[in-house]
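S.K.: Next input, structure requested:
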Amino acid sequence: MKLSLLAVGNKMPGWVNEGYQEYAKRLPRECQLSLQEITPAKRGKSGNAAQWMAEEGERILTAVPSNHHVVSLDVKGKPWNTEQLAQQMQQWLADGRDVSLLVGGPDGLSQACSQRADQAWSLSALTLPHPIVRIVIAEQLYRAWTVLQNHPYHRA
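M.R.: From the prediction side, this is the model:
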């Protein structure tokens, strides 16, 4: 199974890229995580949040292969603890499809992305900065993998 993190935003600070890569590289080949940065909509005096979200949503959906299991990252999604995420990962592995994880821009995910999603996952009820979300997702996926492998990284 391949995990694809599709995240709106580019030109991240070095510490974000380093943090993300630190955990992504720990995942084994059979659960490989890759990042695809989606160019954000140009924000200016003309336009509005709904337009920008829709534009970013189109870009995201264009990048999602049709046969992927899609998980949207959404504050309204289900909050999973580590063991529940490990169970989800086990189900994704058993399903045999690759997984796309969708992270919206500053205004969130478009309605079209939410409708395309097979699942919605909430990392927190807090609003998290989008650069940090990349690192948190990579670390949590690695942690879930270690739970499935009975590796001592996660201490419950």
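
S.K.: Which strand residues bridge the most centrally placed residue in the chain?
M.R.: In the chain, the residue lying closest to the centroid (CA atoms, centre = their mean) is residue 101, at 3.6 Å. Beta-bridge partners for residue 101, by DSSP bridges, are residue 5, residue 71.

S.K.: where do the helices sit along the chain?
M.R.: 14-24, 49-63, 82-95, 111-116, 130-148 (DSSP state H).

S.K.: Please identify the most buried of those.
M.R.: Most buried of those by mean neighbour count (mean count of other CB atoms under 10 Å) is helix 130-148; its value is a mean of 20. C-beta: built from backbone N, CA, C; applies to glycine.

S.K.: Need the mean per-residue confidence for it.
M.R.: Predicted confidence along helix 130-148 averages 96 (mean pLDDT).

S.K.: and it, what does it pack onto?
M.R.: Applying 3 or more CB pairs under 8 Å, 6 or more residues apart in numbering; DSSP states H and E, we find helix 130-148 packed against strand 2-8, helix 14-24, strand 32-38, helix 82-95, strand 99-103.
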